[in-house]
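Chemist: Sequence below, structure please.
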Amino acid sequence: MEKIFNSSIPGSSYIEGESKKWKSYVLKWIKDGTVNDEVLISLPKLVSALKQDGYRFNQRDELIQHPIQAFLTYYQKELNNNKYLKQRIIIPYHKL
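Modeler: Below you'll find the predicted structure:
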């Protein structure tokens, strides 16, 4: 799990504070939304949830979606590399 938290994500500086904290929040959000080993991610809803919980951004919301999507893509790649973790993350296309 440390590998996931320590991963370098382009644009993560758009989200103020420690990247480990927002990544942890995103993973909890995924866990809470998972049904039958699948989770449907709405990037606008996730950004909104981050804002509501006090996370601050130094770019507009549309740009904040990029590092979050990059992190989710990285996380999914790590899940695919682990034969014991079977979870599918679905991110519908959103025009960013």
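Chemist: Have a look at the protein and report its longest helix.
Modeler: helix 61-81 (DSSP state H).
Chemist: ok, Val26 to Lys51 distance?
Modeler: Applying C-beta to C-beta, to the nearest Å, one obtains 13 Å for the distance of Val26 from Lys51. Where you see a C-beta, it was placed from the backbone N, CA and C, and this is true even at glycine.
Chemist: before we move on, what about Phe71?
Modeler: Summarising the geometry, the distance separating Phe71 from Lys51, computed by C-beta to C-beta, is 17 Å.
Chemist: If you count surrounding residues, which of the two has more?
Modeler: Neighbour tally, Phe71 and Lys51, criterion other C-beta atoms under 10 Å: the higher count belongs to Phe71, 22 against 13.
Chemist: I'd say that one and Val26 touch.
Modeler: Yes. When contacts are counted by C-beta atoms under 8 Å, Phe71 is listed as touching Val26 (6.3 Å).
Chemist: For Asn36, what are phi and psi?
Modeler: In this entry, Asn36 is assigned phi and psi values of phi 50, psi 50 (degrees, to the nearest 10).
Chemist: List the contacts of it.
Modeler: Contacts of Asn36 were listed using C-beta atoms under 8 Å, 6 or more residues apart in numbering, and none were found.
Chemist: got the residue ranges for the helices in the chain?
Modeler: Taking DSSP H to define them, one finds helices in the chain at 2-5, 19-33, 43-52, 61-81.
Chemist: so how far is the shortest one from its chain's centroid?
Modeler: Looking back up the chat, that one is helix 2-5. Between the centre of helix 2-5 and the centre of its host chain there is 13 Å, according to C-alpha atoms, centre = their mean, to the nearest Å.
Chemist: likewise the third one?
Modeler: Using C-alpha atoms, centre = their mean, we find the averaged C-alpha position of helix 43-52 to lie 10 Å away from the chain's own average C-alpha position.
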